[in-house]
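Participant: Need coordinates for the below:
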Amino acid sequence: MAREMRITRLAEGVDASGELTEAAVARTLTVLEEYRGLCTRAEVNRGLCAATSAVRDARNGAAFLARASEVLGFDAVVLSGEDEATYSFEGATLDLADDGRPVAILDVGGGSTELAARVGDRVVGYSMQIGCVRVTERALGPGPVDPTHEARARAMIEAALDGAAAGAPDLFALGPDLRLVGLAGTVSTLAQLDAGLDHYDRATVHHRRLPRDAVVAWRDRLGSEPPAARLGYSGMVPGREDVIVAGLYVVEAVMTRLGVDELLSSESDILDGIAGRLRPPFA
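Facilitator: Here you go, the predicted structure:
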């Protein structure tokens, strides 16, 4: 009935302070108030607010969830990293035709990045403590990128991938035929940039094929410019211009580690996975 997306940068400052900032909380609660209005007009009276990495990592996460629940009138919960990966996989593969090849998903968030794949009869997921906001704040900076900051970012990302490979080896042993599906803001924005879209068009970006060469080209092009200049590209989403380069470093590193040359973008994501799980009780 309605599908909205707002960038509130809830993860801003969490990596350094260990807490959600009052400014980030205020921005997010304002959006949740707007969403509550949409629900009221649509006569929705049951729902769920699901929080991920920023709230999971913050000492004051529980206090934020209580305020979010009060604003929305719905339960507000924080997902574990494993649940986040599982819901992302289920959402991203809902309308993906089976061609016999194994499928893994890559979900680059602000504070974390999730990898998941179906191995046998179960979904194997792993959550890494790298995301576009966290890598920007801790290592890369907003740009333009210089060799020193690039080296720090690469080291941070590779260390996280080493941990993922050790913690979920099945994910990294799916073979050269693996289909990698990318979702969330970094990949969605990359697909829009690659398509040169002046306005969002789901049909154009959903299941768009993005070769590794395109990921690298956009990463290097955007990384050579300050954030303000990046806003001049058709397809750039305001609010993402200062963190997308870090996200693309993550995307390229994951593709390299998994040995894949192509990424398939998906506009179906964790939201669809959560909604799919919620649907039976609401029937």
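
Participant: ok, now how distant is residue 257 from residue 113?
Facilitator: Going from residue 257 to residue 113 by CB to CB, to the nearest Å gives 12 Å. No exception for glycine: its C-beta is placed from N, CA and C like everyone else's.

Participant: Look at the two and report which has more neighbours.
Facilitator: residue 113 (32 against 17; other CB atoms under 10 Å).

Participant: Against residue 257, how distant is residue 137?
Facilitator: 23 Å.

Participant: for residue 70, same thing?
Facilitator: Distance from residue 70 to residue 257, by CB to CB: 42 Å.

Participant: so for stretch 248-258, what's the average pLDDT?
Facilitator: Averaged across stretch 248-258, the pLDDT comes to 96.

Participant: Now that stretch: buried residues?
Facilitator: Using 16 or more other CB atoms under 10 Å as the test for burial, stretch 248-258 gives 248-255, 257-258.

Participant: List just the nearest of those residues to residue 85.
Facilitator: Of all those, residue 85 sits closest to residue 254, with 13.2 Å by CB to CB.

Participant: Make sure the closest one is actually in contact with residue 115.
Facilitator: Yes. Residue 254 is within contact range of residue 115, at 7.1 Å (criterion: CB atoms under 8 Å).

Participant: State the number of residues packed around the closest residue to residue 174 other than its chain neighbours.
Facilitator: In this structure, residue 174 finds its nearest non-sequential neighbour in residue 102, 4.4 Å apart by CB to CB, 6 or more residues apart in numbering. A count of nearby residues for residue 102, using other CB under 10 Å, gives 15.

Participant: Tell me the confidence at residue 102?
Facilitator: With respect to pLDDT, residue 102 has a value of 91.

Participant: That one reaches residue 179, doesn't it?
Facilitator: Yes. With contact defined as CB under 8 Å, residue 102 counts as touching residue 179 (7.0 Å).

Participant: what helices or strands is the helix or strand harbouring residue 148 leaning on?
Facilitator: In the assignment (DSSP states H and E), residue 148 maps to helix 147-167. On a contact count with 3 or more CB pairs under 8 Å, 6 or more residues apart in numbering; DSSP states H and E, helix 147-167 meets strand 122-128, helix 132-135, helix 244-258.

Participant: okay, the first one in PDB with CA atoms only?
Facilitator: So that's strand 122-128. Taking C-alpha atoms only, strand 122-128 is exported to PDB below (Å, rounded to 0.1, in the frame of the first residue of the first chain):
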ATOM      1  CA  ARG A 122      19.200 -23.800   6.000                       C
ATOM      2  CA  VAL A 123      20.100 -20.200   5.500                       C
ATOM      3  CA  VAL A 124      23.700 -19.500   6.700                       C
ATOM      4  CA  GLY A 125      24.200 -15.800   7.600                       C
ATOM      5  CA  TYR A 126      27.100 -13.700   8.900                       C
ATOM      6  CA  SER A 127      27.100 -10.100  10.100                       C
ATOM      7  CA  MET A 128      30.300  -8.100   9.800                       C
END
